[in-house]
Structure formats: structure tokens, C-alpha cells
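Undergrad: The sequence and its predicted three-dimensional model are supplied below.
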There are 2 protein chains.
Amino acid sequence: MSEEPLYNIGVVTRVTGIPITTLHAWERRYGFPRAARSAGGHRLYSDRDIARLRWVKTRVDAGMAVSRAVAAAQSLETDGIAFPASMPEAVLPSGQGQPAASPLDALHQALIQHDLPGADRLMGEMLAFHSPEDLTVEVISPALARLGEAWEKGEISIATEHLASNYLRHRLLMWMVTGPNPNRPDPIILACAPGEWHEGSLLMLGVLLRRRGYPVAYLGQDVPFHSLAEISRAIQSPAILLVAMRAETAAALADWTRWIPQVGGKPLVVFGGRAFTVNPALQQTVPGHYLGDSILQGVERLEALLGK
Amino acid sequence: MSEEPLYNIGVVTRVTGIPITTLHAWERRYGFPRAARSAGGHRLYSDRDIARLRWVKTRVDAGMAVSRAVAAAQSLETDGIAFPASMPEAVLPSGQGQPAASPLDALHQALIQHDLPGADRLMGEMLAFHSPEDLTVEVISPALARLGEAWEKGEISIATEHLASNYLRHRLLMWMVTGPNPNRPDPIILACAPGEWHEGSLLMLGVLLRRRGYPVAYLGQDVPFHSLAEISRAIQSPAILLVAMRAETAAALADWTRWIPQVGGKPLVVFGGRAFTVNPALQQTVPGHYLGDSILQGVERLEALLGK
DNA sequence: TTCATTCTGTCAAGGTTTTGTATAGATAAT
DNA sequence: ATTATCTATACAAAACCTTGACAGAATGAA
């Protein structure tokens, strides 16, 4: 992690997502980060500056005031606590020049060949450059989908599919359990529809929510409504998230209003899952908010609904 | 636990669930917590303030008057008693919850009251003194059993059981994935019998084996024999471990010799599970080695068999 | 029981602080 | 020459502050 002044402000904007004008304002108002200057007076940021900015931005996104986040960052640094290094991956021309298979292909190959240590190694390499949430969306999700397809086509056996998808699910579970400290007091309840045994998407939603600071109460497969209702009374949940992969379980979902008590629109009940993507007409049959056709979209819609 | 004034009131609201207006009122009426101020007069709370607020909120949620809870908090602090970072509500005489006699009781109480943060704290405390393998045998296993009993007696709903057993399973999965580096080349295959969906014991066996340095290929629930056979051909496994919880799935196990090829007694096929403990006569119906009536016994027998 | 009192969460009004973004004119980099 | 970046100022939205008030719940006395 170097202090070497390398990046002009445009790069930093693209890498961190913080607008140029905001970077100007932060340096003017808080002296943070104190970027070096070129001979002509242009700002030059170091790798460490980018790490600092990322750290502050995650705090600010979580609701902390900028001035306080900056103060916290500086007090941490004077205590000698370094920031977690993360690669400015957008800067690297990664992927280009290498006609080699994508990491996703490599992972798929390792898994269907039952090479779990190889898969471990690949995951380790990817984690060095990408966050668990990125990997969830970009790697785990497509890998699970591809495994399902390979099984349907008869290319792999069901045990191979079990081994591989268990492997991927274990990663997801770890990320869901070991996320950053939750930002909010009450957990979002995640459950599969009654009769639904496919929990992959639910796990991914759990990981993404947990990584964004929401605590989650993970109920998993096949949760009957009557006991879901009981839990939702017992814990003050802001939202209940239900998924269904098949048409039958999606149909079962339509019934939730008979079980789960609603007081002034709370708790929020949202639903999603492949059943609704494949057959959009089903979306109208279930009360509540539809999460959209992708995991990422689902998390964003839920966050928007909760924000109100 | 720092007194550094870091958090604006919005963060505190999200983290504690206490509305802004209520925070205003508490400070106005009780001088609690006495938040620091920014240059412009905005409140700034510290980590310790948040701990104080959480402590008070749990009392208030349990029915104590705010004024009394605040007074109690302040008298505690003037007595020099530091604040617990999180609230040991399982220990409180709230509702029917009884004082916990053992860590196992405490964990059980926390889980059936849906207090996942409390369960986390308990697990953390236990991990400070015991290894994951000890906890697996001494705590997780009985906790899972007790949850099952509580559900059968109707003391807890199925969703509570789901939430709690998922919580315990997630711990097991983490320990199974993050063990020390395996010191043998080929993994032991772990699978539930065809039709068997209860994987708790299998997970515990996986943890114990992994902790003893055996690599593990975890197939999980409901693995049909034909594909199990295919995997066992694909990877050079020293042993295949099968479990069945119910009599029907145990009966299905008897069939494995028709599918899994044996060359000179290899791979070793072993079996276990509650079905065989409840009805020992079933042990004779399945070829191969019976693992015994407990998890620990199972691991030891398997290790003895492999040692030869 | 009934009634008065206290406790407590929430709201409204009107003002201040904090922060992101826009603009203009000038200079640097390529 | 064109694009990128600089400083400085301005402005508006969001977040927050204080004061005062009010309604429902809890409490206690009659």
C-alpha cells in the first residue's frame, strides 16, 4: 500500500464513484485526503488515498456524516491502524490480452471435476481483487445457474451437482454470517415459500443484504406461513422476503395475507424468485412488492422500499 | 469501547431503532445520553453512548419505564460497572425466560427467543475457551436435539426451529470449511441417504473429520446412489459415509452394494444416523461398517478403520 | 370504579448547519 | 486545440436543532 502520488482526480472519481466536485469540497472543507500536487497544481492521489476514500465512502453510505467519518478515519490512522487494502481493479487492464478462460469458466471446470482444493484456490484469488458481494453476483450466481443447466443436459450427475452447489452455498453462508456489523437493529426475515427447497437465490439475497449492513434472520427452505407469522410477531422485522422457484410454490405464496398480520403496511412483504421471472403473470397473483428479475435488482428495490 | 464523539443522530437512529424525536426527548428530559456537540450544535454520539442506549432500550422493551431504566443505567455507571457491549437478555427474567444454568441452556434460550446477536455473543464466549470440535459435540449437537424435541412438543414453531437450526448449521458449515489444511490427499465423501433431508449429523461428522485433517467432499441432503457411484469413481475416495435419520431412508441404504463398486474393500463404506440408534435391528440390514450411536464414536471408528 | 396526574412518544413550526453540486474564469496536460 | 483540472463562490437540499404542544398510556388517589 503505497503513498506514491499516482492517480489524477478523474481516475479516482471513476474508481471510487465520488464526483470530482465532491472530492474538491472534501479537501477544501476537511483537508481530506491531502492529495499531493503535480508541478502545475493538479491533485495526485496515492493507492492509500484511494483506500482512505473508500473507507470513508462506505461510512457515509451507511449514514455517517462526512465530517465525522473523516475524523474517525484520521483518528484511526494516528492510532496506527491501517486501512484494508483493496485493489483499484478498475485501473488495471485486467482480462485484456489473456484469451484464457474467465474465472467463472475456471471455477466451473474445477467444480465439475470435483477439484475442491482447486476451487478454493480460485476463490482465494478472486477474493483478493473483488468483494464477496461482487463475487456473489458475478460468479456464484452464474456458476450455480450453469451447474443447473449442465445437470439438465445430463452433462453432470446429480451428485456432482450436489457437491458443487454445496461448495458454492458454503461460501455464501460464510459471507452471510461474517459480514460487517449490522447498521440497523431489526433483522429482515428471509424464507423460501412453503414447499420450496431451492434456497440458492435466497442465500445470495442474504449475502447482499448482510453486506449492506442489514441484519438477516435466515429461515431457509420450506417455511410454512403459520410459523412465519409467529416469528414475524416475535421479532420486530422491517421486512419479510419470500422466494419461490417453481410455479406451484409461487402459487402458494399468494396466500400470505391470510397469515401474516399487517399493521399499517408493516412488516413490508416482498417476493421474488425464478418462478416470477419465467412467468411474469404470476407477479400479479401475489400481494406485496415484486423484487424484480435479478438478485441485484431485488436488493436495490428492497433498499428503496425500506428507505421510505 | 470508546467515548469518542463519532456518530450523528441519524446513524444512532438506524442502529438502535430509537426515533430521532425520542432521542431528543430523552436528552431533554433525562439528560441521557449527554451527547457531545459539533461546532454547529449537532449531537455527536460515541460508541459507548450507543451501548448505553441499547441497554436502556432492551429494558424499556421489556416493560421497564424509561425514567427507571435511565436511572438504573446511570447508577450502574457511577458504581463503575462497565456496560456490556450487548445485552444479555437471555439472563434477564423477561417473560418466561429463566436464568441460564449452563451455556447450552443459555444458547437454547437465546435461539428460541430469536436473539441471534445474543447467540453470537454466547458462541464467541464459548469459542474463547473451547475448540469448534468440542463445541460441536458438547453444545451444537445437544442444542439441535433439544430444538427438535421442543418442536415435537409444540413448544416452538417450525419457523423458530428453522431459524435456530439454520443458525447452528451455519456455524457448523463455517467450521467445516475453515478447518486446518488437510493432511491427506483424497477426500472422504459425506452424503445423506436417498430421500433423507436431515443433514445435521452429517455436518457434525464433517466438522470433526475436517478438524482432524481429513479433506471432506460434502454432498448433503438426498443423494441418489447412481450418482454417488459416479462421484466415487471420479474421485479416489478412501471412504464413503452415509447417514439416515428415518427408518425408510435407512432401509434405502441397504441397497448401496448394487451401485457402488467395491475393489478390494475400497472405498470403505460406513453408515450411521439416528435411525440405527433408535432401532438397532436396522444395523444388520445394511452392509458395511456401522459407525456407532454417537457422533464422536462415529469419527473414532472411522479413523480406526482408515488407520488399518 | 372514576378521575386527576404523570409519563412518554410524536408532531409541528421556524431556524441553523452540513453537504453535494453548479458555475465561471483561469491554468495545465496531452 | 482540445480536454482535464484548478480555485472560488453560490445555492439548494438534506439533516439537524429547539421549543412548545398534545394525545394516549400508565399510575395512583378517592
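TA: Okay, I see it.
Undergrad: can you give me the mean pLDDT across the one helix or strand A:Leu147 maps to?
TA: A:Leu147 is part of helix A:141-152 when elements are defined by DSSP states H and E. In this model, helix A:141-152 has an average pLDDT of 91.
Undergrad: just stretch A:221-234 next, same as before
TA: Mean predicted confidence for stretch A:221-234 is 85.
Undergrad: State the number of residues packed around A:Gly31.
TA: A:Gly31 has 10 neighbours, counted by other Cβ atoms under 10 Å in any protein chain shown. In this view, the C-beta of every residue, glycine as well, is placed from N, C-alpha and C.
Undergrad: How much space separates it from chain B?
TA: A:Gly31 is 15 Å from chain B, where distance means Cβ to the nearest Cβ, to the nearest Å.
Undergrad: And that residue, how close does it get to A:Gln74?
TA: According to Cβ to Cβ, to the nearest Å, A:Gly31 stands 9 Å off from A:Gln74.
Undergrad: circling back to that earlier point, can you name the next helix or strand after the helix holding A:Leu147?
TA: helix A:158-177.
Undergrad: Now do whatever helix or strand comes next after that next one: distance to the chain's middle.
TA: Heading C-terminal from helix A:158-177, the first helix or strand you meet, by DSSP H and E, is strand A:188-192. Mean-position distance between strand A:188-192 and its chain equals 16 Å (Cα atoms, centre = their mean, to the nearest Å).
Undergrad: what's next to whichever helix or strand comes after strand A:188-192, contact-wise?
TA: Following strand A:188-192 in sequence order, the next helix or strand is helix A:200-211 (DSSP H and E). With contact meaning Cβ atoms under 8 Å, 6 or more residues apart in numbering or on different chains, helix A:200-211 is reached by A:131-133, A:136-137, A:140-141, A:144, A:165, A:168-169, A:172-173, A:175-176, A:179-180, A:182, A:188, A:190-192, A:216, A:218, A:220, A:241, A:243, A:245, A:272-274, A:295-296, A:298-299, A:302.
Undergrad: Convert the C-alpha atoms of helix A:200-211 to CSV, please.
TA: Listed next in CSV are the C-alpha coordinates belonging to helix A:200-211 (Å, rounded to 0.1, in the frame of the first residue of the first chain):
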residue,chain,number,x,y,z
GLY,A,200,-29.7,-20.5,-3.6
SER,A,201,-31.2,-17.2,-4.6
LEU,A,202,-32.4,-16.6,-1.0
LEU,A,203,-28.8,-17.1,0.2
MET,A,204,-27.5,-14.7,-2.3
LEU,A,205,-30.0,-12.1,-1.3
GLY,A,206,-29.0,-12.7,2.3
VAL,A,207,-25.3,-12.1,1.5
LEU,A,208,-26.0,-8.9,-0.3
LEU,A,209,-28.3,-7.6,2.4
ARG,A,210,-25.9,-8.5,5.1
ARG,A,211,-23.0,-6.9,3.3
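Undergrad: picking up where we left off before, so how do I select the buried members of the contacts of helix A:200-211 in PyMOL?
TA: Those of those that count as buried under 16 or more other Cβ atoms under 10 Å in any protein chain shown are selected in PyMOL with:
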select buried, chain A and resi 132+133+136+137+140+141+144+165+168+169+172+173+175+176+179+182+188+190+191+192+216+218+220+241+243+245+272+273+274+295+296+298+299+302
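Undergrad: And DNA strand D, is the strand or helix carrying A:Arg301 touching that?
TA: Using DSSP H and E, A:Arg301 sits in helix A:295-307. No. Using Cβ under 7 Å from any atom of the strand, helix A:295-307 stays clear of DNA strand D, with a minimum separation of 9.1 Å.
Undergrad: give me the number of residues near the closest residue in space to A:Arg169 that isn't next to it in sequence?
TA: Counting by Cβ to Cβ, 6 or more residues apart in numbering or on different chains, A:Arg169 lies nearest to A:Leu203, which is 6.1 Å off, once chain neighbours are set aside. By other Cβ under 10 Å, the residues close to A:Leu203 number 25.
Undergrad: and if you look at A:Ala217?
TA: Neighbour tally, A:Ala217, other Cβ under 10 Å: 23.
Undergrad: quick one on the thing from earlier: which helices and strands does the helix holding A:Arg301 pack with?
TA: Counting contacts by 3 or more Cβ pairs under 8 Å, 6 or more residues apart in numbering or on different chains; DSSP states H and E, helix A:295-307 is packed against helix A:200-211, strand A:239-243, strand A:268-272.
Undergrad: what about A:Asp222, which SS state?
TA: For A:Asp222, the assignment made with DSSP: H, G, I helix; E, B strand; the rest coil gives coil.
Undergrad: and it, how many residues sit next to it?
TA: 17.
Undergrad: Who are the contact partners of it?
TA: A:Cys192, A:Ala193, A:Pro194, A:Gly195, A:Glu196, A:Trp197.
Undergrad: Can you lay out those residues as a markdown table showing distance to chain B?
TA: Converted to a markdown table, the contacts of A:Asp222 look like this (distance: Cβ to the nearest Cβ, whole Å):
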| residue | distance to chain B |
| --- | --- |
| A:Cys192 | 10 |
| A:Ala193 | 13 |
| A:Pro194 | 10 |
| A:Gly195 | 13 |
| A:Glu196 | 13 |
| A:Trp197 | 8 |
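Undergrad: which of the residues you listed are buried?
TA: Looks like the contacts of A:Asp222 have A:Cys192, A:Ala193, A:Pro194, A:Gly195, A:Glu196 buried, using 16+ other Cβ under 10 Å.
Undergrad: who's in contact with the second one?
TA: Contacts of A:Ala193 were listed using Cβ under 8 Å, 6+ apart, and they are A:Asp222, A:Val223, A:Leu242, A:Val243, A:Ala244, A:Thr249, A:Ala250, A:Ala252, A:Leu253, A:Gly273.
Undergrad: Make a markdown table from those and add distance to DNA strand C to it.
TA: Listed next are the contacts of A:Ala193 as a markdown table, based on distance: Cβ to the nearest atom of the strand, whole Å:
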| residue | distance to DNA strand C |
| --- | --- |
| A:Asp222 | 36 |
| A:Val223 | 30 |
| A:Leu242 | 27 |
| A:Val243 | 31 |
| A:Ala244 | 34 |
| A:Thr249 | 36 |
| A:Ala250 | 36 |
| A:Ala252 | 35 |
| A:Leu253 | 31 |
| A:Gly273 | 34 |
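Undergrad: From the residues you listed, pick the one nearest B:Tyr290.
TA: Using Cβ to Cβ, A:Asp222 comes nearest to B:Tyr290 of the contacts of A:Ala193, at 30.6 Å.
Undergrad: Could you measure from the residue nearest to A:Val270 when sequence neighbours are not counted over to A:Ile295?
TA: Of all residues not flanking A:Val270 in the chain, A:His289 sits nearest, at 4.6 Å (Cβ to Cβ, 6+ apart). Distance, A:His289 to A:Ile295, by Cβ to Cβ: 16 Å.
Undergrad: Also A:Asp79?
TA: 38 Å.
Undergrad: Got the confidence number for the residue most central in space within chain A?
TA: The residue lying closest to the centre of chain A (Cα atoms, centre = their mean) is A:Leu208, at 2.7 Å. With respect to pLDDT, A:Leu208 scores 93.
Undergrad: repeat for A:Pro88
TA: 34.
Undergrad: tell me the angle of the helix or strand of chain A with the lowest mean pLDDT relative to helix B:158-177?
TA: Using mean pLDDT, DSSP states H and E, helix A:116-129 stands out as the lowest-scoring helix or strand of chain A, at a mean of 79. Helix A:116-129 runs at 100 degrees relative to helix B:158-177, counting by axes from the mean of the first three to the mean of the last three Cα atoms, to 10 degrees.
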